[in-house]
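In: 3D model of this:
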Amino acid sequence: MANPTVAEQLIRMLRDAGVERVYGVVGDSLNPVVDAIRRTDGIEWVHVHNEEAGAFAAAAEAQVTGRLAVCAGSCGPGNTHLLQGLYDAQRSGAPVLAIASHIQTAEIGTGFFQETHPERTFQDCSEWCEVVTPAQMPRALRVAIQTALGRRGVSVLVLPGDVAGAESGNPTVPSVVAPGPSRVVPPPDQVRALADALNAARTVTLFCGAGTRDAHAEVMQLAEAVLAPVAHALGGKEWIQHDNPYDVGMSGLLGYGAAHKATHEADLLLMLGTDFPYANFLPQRRTAQVDADPVRLGRRTPLEVAVVGDVGETIRAVLPLLERKTDRRFLDGMLREHAESLEKVVGAYTRQVETMRPIHPEWVAAQLDDLAADDAVFTVDTGMCNVWAARYLTPNGRRRVIGSFRHGSMANALPHAIGAQLADRSRQVVSMSGDGGLAMLMGELLTVRLHRLPVKIVLFNNASLGMVKLEMMVDGIVEFGTDHEATDFSAIARGVGIDAIRVEDPALVRESLADGLSRPGPVLMEFVTDANALSIPPAITAEQIKGFALSASKTILGGGVGKMVDLARANLRNIPRP
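Out: Numbers count the residues shown, from 1 in each chain. Here you go, the predicted structure:
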């Protein structure tokens, strides 16, 4: 052959682009690709037990490292299993390349065994999705890689099995790969309009999302200049809550504190780098928005000012144009409101928790937050684990919190943890798993064991789908199908060779966590928690209250908020005394 095979060229180019591993399950049409990995130094095949988990793992690796991550699926069911994880990656802004193997080209369109149409299947969860021929290589791969990195999303390379084993139509030529999009500098007229709006407003609240990453210092400077409370969406928590004397909590279904009130009572709400989806939690008036992606501007609420720009760049541009505010009454009032709201509910996790059975899940989350490493990566299952993570994990600028926060898939925490741990085996990775989520992809315990990953799995086992139960109660529906038979997951973990601890006594929560986190290798720490420990958002409607009243009587905890009550208390010290 004058040129390498398509599979060989593919794998060597991925390696040269910085890819260290490919997640997947081996199988028929994918065999040439897997064999190329076997014969290529510097890149490894990571066997998972469901391609869905491989896609989740790739998404987490990409989010932790910022680099391209790769997963693969064989033809038919093998690549359709990738869908859930790829939707998650696409919506999370994770640069992921999926190799979707396909049946032999001669059989396409004949209803052949395992035939699907991956070039159609993955259109909705990708930035780029094409069937590749030998003549298109290696250029098609360069396009796929650059699209995933440049648009921070998913590229899907559809590769028929015979094409993978065929000679590439062109030699491999070295080509530089740009790592990602550049910062977007806002137009001067939009900056001026934002400055005018901020100067005209008597009171301002900042509402921050994931787009404030790398802009913490600038947001604090802006808050100081306009004396604004700073609220955040879940996506902004890890970037903006730490070292923040203006913090008033989080808005949304998982929210707490004074965030909802601050966003609704300000003369101007300034949304910074957030595509917060819940329009009913926004005031729908007197709002300005800054985002690097113009598509996101105004799609959740009408805007008075829209700025296309990176958050940090925009704030640096607008600060010299601002008239510094001196009236602290709104800010101080929101800080007091925030502290008082947390003080009212702090008893939910401090009052007699060491004697309460079943264990309060808040107590477990609070102790985990206290004991976990300062640079730990937490992966969080969708459902009530999202609530406990949002309210109890304390960000510090070094920790990471990864979840299916936009796609909302269950079963994401453990496979996310696999990808995060493979990215750095020396870093503490904690999977905050619910029993419902773990049960869905329980085979990934075998993946953890197979690769000897030191993942620490903290399992909240309430034998219930708690978030679904809450949704039913809000709608006034009698809960049905949410509770299921209790399972001893620790026994299952031991059965596959993973150390396990099962805790039913709340007095043993802290020492069990300390023990499990300190052990080498993978450990599953199972806590039998109260299925009735649910959570309500900080602002609910009369209809929702009516729904609770109509549903079966359950214990609804307003939600303790861990160390954030200490932060709220500390921020009160920033209020000048007369």
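In: C-alpha only now, for contacts and for neighbours.
Out: Fine.
In: where does this protein dip in pLDDT?
Out: Within the chain, the segments meeting pLDDT under 70 span 1, 345-352, 473-474, 534-578.
In: care to break it down by domain?
Out: With domains defined by automatic domain parsing, the chain comprises 6-165, 188-340, 353-560.
In: out of the ones you listed, the one nearest Val177 is which?
Out: Comparison of the domains of the chain against Val177 by C-alpha to C-alpha identifies domain 6-165 as nearest, at 6.5 Å.
In: the closest one: end-to-end distance?
Out: Domain 6-165 has an end-to-end distance of 6 Å (C-alpha to C-alpha, to the nearest Å).
In: for burial, what's the neighbour tally of Phe480?
Out: Residues near Phe480, counting by other C-alpha atoms under 10 Å, number 9.
In: which SS state does it fall under?
Out: coil (DSSP: H, G, I helix; E, B strand; the rest coil).
In: helix or strand: which one has the residue lying closest to it once chain neighbours are set aside?
Out: Distances taken as C-alpha to C-alpha, 6 or more residues apart in numbering place Lys469 nearest to Phe480, at 7.8 Å, with adjacent residues excluded. Applying DSSP states H and E as the criterion places Lys469 in helix 466-474.
In: max-length helix in this protein?
Out: The single longest helix within the chain, with elements called by DSSP state H, is helix 329-345.
In: now do the buried residues in that helix.
Out: Going by neighbour count (16 or more other C-alpha atoms under 10 Å), the buried part of helix 329-345 is 330-343, 345.
In: helices or strands next to that helix in the packing?
Out: Helix 329-345 is packed against strand 247-250, strand 256-257, helix 259-265, helix 564-572, with contacts defined by 3 or more C-alpha pairs under 8 Å, 6 or more residues apart in numbering; DSSP states H and E.
In: Val191 touches Val308, doesn't it?
Out: No - with contact defined as C-alpha atoms under 8 Å, Val191 does not reach Val308; the gap is 9.3 Å.
In: show me where the stretch 1-150 of the chain has strands.
Out: 21-24, 44-47, 69-73, 96-102, 128-131 (DSSP state E, counting those that start in this stretch).
In: can you list those strands in JSON lines and add distance to Leu459?
Out: Formatted as JSON lines, the strands of the stretch 1-150 of the chain follow (distance: least, C-alpha to C-alpha, whole Å):
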{"stretch": "strand 21-24", "distance to Leu459": "24"}
{"stretch": "strand 44-47", "distance to Leu459": "24"}
{"stretch": "strand 69-73", "distance to Leu459": "26"}
{"stretch": "strand 96-102", "distance to Leu459": "28"}
{"stretch": "strand 128-131", "distance to Leu459": "37"}
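In: contacts only, for the residue positioned nearest the centre of the chain.
Out: Among the residues of the chain, the one closest to the centroid is Gly403, at 3.1 Å (C-alpha atoms, centre = their mean). By C-alpha atoms under 8 Å, 6 or more residues apart in numbering, the contact set of Gly403 is 379-382, 386, 412-413, 416.
In: quick one: which of those residues is nearest Arg286?
Out: The closest of the contacts of Gly403, once distances to Arg286 are taken by C-alpha to C-alpha, is Asn386, at 30.1 Å.
In: which ones are touching the closest one?
Out: Counting by C-alpha under 8 Å, 6+ apart, Asn386 touches 254, 380, 403.
In: for the second one, name its beta-bridge partners.
Out: In this structure, Val380 bridges to Gly403, Met432 when assessed by DSSP bridges.
In: can I assume it is in contact with Trp388?
Out: No - contact criterion C-alpha under 8 Å: Val380 and Trp388 do not qualify, at 9.3 Å.
In: these two: who's more crowded?
Out: Each of Val380 and Trp388 has its neighbours counted (other C-alpha under 10 Å); Val380 has more, 32 against 25.
In: what residues are up against that one?
Out: Val380 makes contact with 386, 389, 401-404, 412-413, 431-433 under the criterion C-alpha under 8 Å, 6+ apart.
In: any idea how far Pro395 is from it?
Out: According to C-alpha to C-alpha, Val380 and Pro395 sit 14 Å apart.
In: then Lys456?
Out: Distance from Lys456 to Pro395, by C-alpha to C-alpha: 19 Å.
In: okay, the two: which has more neighbours?
Out: For Lys456 versus Pro395, neighbours defined as other C-alpha under 10 Å are more numerous around Lys456 (29 against 22).
In: look up phi and psi at that one.
Out: phi -100, psi 120 (degrees, to the nearest 10).
In: contacts only, for it.
Out: Shown in contact with Lys456 (C-alpha under 8 Å, 6+ apart): 428-431, 516-517, 522-525.
In: ok, back up a step: just the buried residues of the contacts of Gly403.
Out: The neighbour-count test (16+ other C-alpha under 10 Å) applied to these identifies 379-382, 386, 412-413, 416 as buried.
In: for those, give me a markdown table that also has distance to Arg139.
Out: Output for the buried ones among the contacts of Gly403, formatted as a markdown table (distance: C-alpha to C-alpha, whole Å):
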| residue | distance to Arg139 |
| --- | --- |
| Thr379 | 35 |
| Val380 | 37 |
| Asp381 | 38 |
| Thr382 | 38 |
| Asn386 | 41 |
| Asn412 | 33 |
| Ala413 | 35 |
| His416 | 31 |
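In: what's the closest non-adjacent residue to Gly383?
Out: Counting by C-alpha to C-alpha, 6+ apart, Gly383 lies nearest to Met467, which is 5.0 Å off, once chain neighbours are set aside.
In: also Asn31?
Out: That would be Gly161: by C-alpha to C-alpha, 6+ apart, it lies 7.8 Å from Asn31.
In: number of residues surrounding that neighbour?
Out: 23.
In: do you know how far it is from Tyr278?
Out: 44 Å.
In: now Phe405
Out: According to C-alpha to C-alpha, Phe405 stands 13 Å off from Tyr278.
In: please say which of the two ends up with more neighbours.
Out: Neighbours per residue, other C-alpha under 10 Å: of Phe405 and Tyr278, the larger number sits with Phe405, 16 against 12.
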